[in-house]
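**Q** What shape does this take:
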Amino acid sequence: MTLTPGPPDGGRRGDDGLRGTVTRSRRIPTRVAMLAGLVLVLLVVTSTGSTRDWWAHRLHDLTGGARTADYLLGLAVGLLPVLGVALGAVRTRGGRRVFRMLFFGAVGFIVTYLLSPSPARYLTDHASRRVFDQQAPGYLAGVFTGAMIWIAAVVLAVVLVRSRWRRFVDRHRPGDGDTGPQQHRVIDI
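**A** Numbers count the residues shown, from 1 in each chain. Below you'll find the model as predicted:
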């Protein structure tokens, strides 16, 4: 028995159709790398500064301290992840649609996080909520309501998808007394 080694590239064909090395490389698209860099810079800048204090003062300037207006703005900020997912679903289909929905939902979540204190910080740090309680009294209640609405919507969607999946599986699974599809016997005489 004689073994002869094959071509070094395993017999694959290159872009030109001839046998040789494959010249394609998997690179991250430039716009994705730039967007990721922008998000990282934004997170670094906002984590070291006083963005939330600035935002609380701007809210006070916008609403004049009116609780209802603060609550409605907080509700809109709390619902930004849902609005991002809905915006991502518009005018796209297939795998690209799922990616856009996840991406825009994540952007909405990041903006919500930047414009309100995180729940852990809210519970442990009195200074993070004090500025909102003084400048925009109804804002944090609105953000909390918006966040609870989209969390409840996610839980409801998971429950509905699971129940539909169970019904689908039960419909296509043979039951206890069934032996599956009936087989016809052919008797040759």
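**Q** would residue 71 count as being in a strand?
**A** No. If the criterion is DSSP: H, G, I helix; E, B strand; the rest coil, then residue 71 is helix and not within a strand.
**Q** Pretty sure it sits against residue 136.
**A** No. Applying CB atoms under 8 Å as the test, residue 71 and residue 136 come out as separate, 9.2 Å apart. Every C-beta, even on glycine, is put in place using the N, C-alpha and C of the backbone.
**Q** give the contact list for residue 71.
**A** With contacts defined as CB atoms under 8 Å, 6 or more residues apart in numbering, the neighbours of residue 71 are 138-139, 141-142, 145.
**Q** what do you get for residue 109?
**A** 80-81, 84.
**Q** 6 Å instead, please
**A** Going by CB atoms under 6 Å, 6 or more residues apart in numbering, residue 109 touches residue 81.
**Q** That one belongs to a strand?
**A** No. Residue state for residue 109 (three-state DSSP) corresponds to helix; a strand is not indicated.
**Q** Pull up the gap between it and residue 84, please.
**A** 7 Å (CB to CB, to the nearest Å).
**Q** what residues are shared contacts of the two?
**A** With contacts defined as CB under 6 Å, 6+ apart, no residue is shared by residue 109 and residue 84.
**Q** and the next element down the chain from the one helix or strand in the chain whose mean pLDDT sits lowest?
**A** Among the helical and strand segments of the chain, the one scoring lowest on mean pLDDT, DSSP states H and E is helix 119-124, with a mean of 69. Per DSSP states H and E, the first helix or strand lying C-terminal to helix 119-124 is helix 126-135.
**Q** relative to helix 126-135, how tilted is the helix or strand just after that following helix?
**A** Following helix 126-135 in sequence order, the next helix or strand is helix 139-172 (DSSP H and E). Helix 139-172 runs at 110 degrees relative to helix 126-135, counting by axes from the mean of the first three to the mean of the last three CA atoms, to 10 degrees.
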